[in-house]
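In: The sequence isn't on hand, but the structure is:
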């Protein structure tokens, strides 16, 4: 959830014409991570939960890529995203551990 909050905070750095473009994609990817974890946790089986964890992991990779694109096109400075990249890495470690917990499914 903290990652999502930080994504919305850096959204103010984007030009207004990106409100419905790259920024919207970034925000959707970020929101998708905890949303998929929550949805998976509410399912009836570990196999379904693992599937939603995998989707969340994919969204974290998507978010990482979109932030890198934002840097490359000049919307964000590297120093503005260091905390977020660290948060993404931590989230990915947690997701990877949870996915591995259910690896025999």
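Out: Good, I have the coordinates. Note that the structure is a prediction, hence the values are computed from the model and not measured.

In: show me where pLDDT drops low in the chain?
Out: Under the criterion pLDDT under 70, the flagged ranges of the chain are 105.

In: can you give me the strands in it?
Out: For the chain, applying DSSP state E gives no strands.

In: residues of the longest helix that it contains that come out buried?
Out: In terms of residue count, the longest helix belonging to the chain (DSSP state H) is helix 46-72. Buried residues in helix 46-72, counted by 16 or more other C-beta atoms under 10 Å: 48-57, 59-60, 62-64, 66-67, 70. Any C-beta I mention is one placed from the backbone N, CA and C, and that applies to glycine too.

In: next one: stretch 11-18
Out: 11, 14, 18.

In: Identify the spatial nearest neighbour of the last one, chain neighbours not counted.
Out: By that I understand residue 18. residue 75 (6.7 Å; C-beta to C-beta, 6 or more residues apart in numbering).
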